[in-house]
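S.K.: Structure, please.
(chains A, B, C and D)
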Protein chains: 2
Amino acid sequence: MWADKISVVIVDDHSIVIEGIKSLLLLDQRLNITGHFTTGKTAYNFIERERPHVVLLDINLPDINGIDLCREIKTVAPEIKILALSNHAERNIIMQILQSGANGYMLKNVSQQELLKGISAVVKGDIYFSNEVREIIAKPAKSELKGVPRLTKREKQVLVLIAEGKTTQEIATQLNVSPLTIETHRRNLHFKFQVKNVAELIMAATRCQLL
Amino acid sequence: MWADKISVVIVDDHSIVIEGIKSLLLLDQRLNITGHFTTGKTAYNFIERERPHVVLLDINLPDINGIDLCREIKTVAPEIKILALSNHAERNIIMQILQSGANGYMLKNVSQQELLKGISAVVKGDIYFSNEVREIIAKPAKSELKGVPRLTKREKQVLVLIAEGKTTQEIATQLNVSPLTIETHRRNLHFKFQVKNVAELIMAATRCQLL
DNA sequence: TTAAAAATACTGGAAAACCAGTAGAAAAAA
DNA sequence: TTTTTTCTACTGGTTTTCCAGTATTTTTAA
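M.R.: This next block holds a predicted model:
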């Protein structure tokens, strides 16, 4: 009788949310909540050992990033279904966690029906999105269409130093390289973001949440 | 026996959160949850009629702003204790809702103990903050200390054009003034934001939500 | 190990931003 | 209406960024 129940683990840094999900899921006899955690590390240890069917995973965790945790779980146990449950309504966040192997995404304002529907769906092997999320995925914003350029480690460093108001000279000194090198990085940043000066660069980088 | 129970109303747009709070509060026999709502309007109608002792109020509501709802409740029934329960960890939001008459503020990651402690405190007439909130209030961020500079209409115009990547020349043309005038505006913007180049300017203006 | 990507550095020149101080005209507030 | 603020504009510089192209070394991935 217990054997065919769906085991569910809840990971969320808010105990209120954990309690809420628990009480919503308790009403479905087929589900069995085998654990709940407020930190990524404790959750990972448990999940790796116990291999639940489904993990309800929040993206904001105090210790590690939910997106990274998702990837790590999928690496050791790809059969575990991960249903991301988050407040983030931004397209790129949704895409990121799907890229990391999540089987579904819902915002925290889901109804009980939708939550249960989502769990059933991912258990069956489907990818599930709540209605709101479906809309977000459907209509990509102008700014997001451009895509986020892939920056190298060095370029990211230079970018944040530029954003801090440092001059090419200062950045060069701080990173122990020639100012000419920093100029090259600057030019590459401008090229990658398709902008023509610092103002636009900072705006573009902010839009892409790189700052 | 029922008469001396503390009546509590929960207002939050996430049913998960409502369930979570409910299950946490159920454990305290002195509390009686008389209603829970996901919209400001329905909550207000009920609260005005039923006059609960305590309202647990979220700031993000679909229809009206939690801060405004707080003020409205306090206008018709100042004796009702309002405990704000929110995800916002920004100092100015906390201050705003306190200004609107709230009796306490806690982040949604509170523990059960703290939640109950908060309710008891506001019922007794105290103002209550969860630990994290106390810290936020205690140490105002650098950026907030500086405050948002008061910009003139023209300066705001110039600022957004700078952010769009326009050069001094282009801005001058667009606004039909001399480039020298725009330079002056630029200098004044730098002075008002206490920055020394465009990168910092855009960052500062973004922080102040002027862009 | 080999190919590709990234980080490094250079020349030389043009454009734009930044600094400091002044000051008249227009608009808004007292 | 008078005062204050804002917008305008100038002189004469200095610093910094921006552009275009090339090239070696180091690191990373196939």
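
S.K.: Get me the contact residues on chain A for DNA strand C.
M.R.: A:150, A:152-155, A:175, A:177-178, A:180-181, A:183-185, A:197 (Cβ under 7 Å from any atom of the strand). For every residue, glycine as well, the C-beta is placed using N, CA and C.

S.K.: Report the residue ranges of every domain in chain A.
M.R.: Here the domain parsing of chain A from automatic domain parsing is A:6-140, A:145-207.

S.K.: lowest-confidence helix or strand of chain A?
M.R.: When the helices and strands of chain A are scored by mean pLDDT, DSSP states H and E, helix A:142-145 comes last with a mean of 54.

S.K.: Mean neighbour count, the domains of chain A: which tops it?
M.R.: Mean neighbour counts were taken over the domains of chain A using mean count of other Cβ atoms under 10 Å in any protein chain shown, and the top value, a mean of 19, falls to domain A:6-140.

S.K.: contact partners of stretch A:169-187?
M.R.: The contact list for stretch A:169-187 (Cβ atoms under 8 Å, 6 or more residues apart in numbering or on different chains) reads A:154-155, A:157-158, A:161-162, A:166, A:168.

S.K.: Distance-wise, check the residue nearest to the spatial centre of chain A relative to DNA strand C.
M.R.: In chain A, the C-alpha nearest the mean C-alpha coordinate belongs to A:Ile67, at 3.9 Å (Cα atoms, centre = their mean). Note on A:Ile67: its distance to DNA strand C, by Cβ to the nearest atom of the strand, to the nearest Å, is 20 Å.

S.K.: For that residue, which residues are in contact?
M.R.: Residues in contact with A:Ile67 (Cβ under 8 Å, 6+ apart) are A:59, A:93, A:96-97, A:100.

S.K.: now, which of these lie within strands?
M.R.: Of those, none are assigned to strands by DSSP state E.

S.K.: Out of the residues you listed, the closest to chain B would be?
M.R.: Of all the contacts of A:Ile67, chain B sits closest to A:Ile59, with 13.0 Å by Cβ to the nearest Cβ.

S.K.: Distance check, the nearest residue to that closest one once chain neighbours are set aside against A:Asp58.
M.R.: For A:Ile59, ignoring the flanking residues on the chain, the nearest one in space by Cβ to Cβ, 6 or more residues apart in numbering or on different chains is A:Gly66 at 3.6 Å. A:Gly66 sits 6 Å away from A:Asp58 when distances are taken as Cβ to Cβ, to the nearest Å.

S.K.: so what sits against both of those two?
M.R.: Taking Cβ under 8 Å, 6+ apart as the contact rule, A:Gly66 and A:Asp58 both touch A:11, A:84, A:86.

S.K.: Tell me which helix or strand the closest residue to the first one other than its chain neighbours sits in.
M.R.: Nearest non-adjacent residue to A:Val11, counting by Cβ to Cβ, 6+ apart: A:Ala43, 4.3 Å away. According to DSSP states H and E, A:Ala43 maps onto helix A:40-50.

S.K.: so for that helix, what's the average pLDDT?
M.R.: Averaged over helix A:40-50, pLDDT sits at 94.

S.K.: Point out where chain A drops to low pLDDT.
M.R.: A:1-3, A:140-147 (pLDDT under 70).

S.K.: What sits closest to A:Leu115 if chain neighbours are left out?
M.R.: Of all residues not flanking A:Leu115 in the chain, A:Leu24 sits nearest, at 5.9 Å (Cβ to Cβ, 6+ apart).
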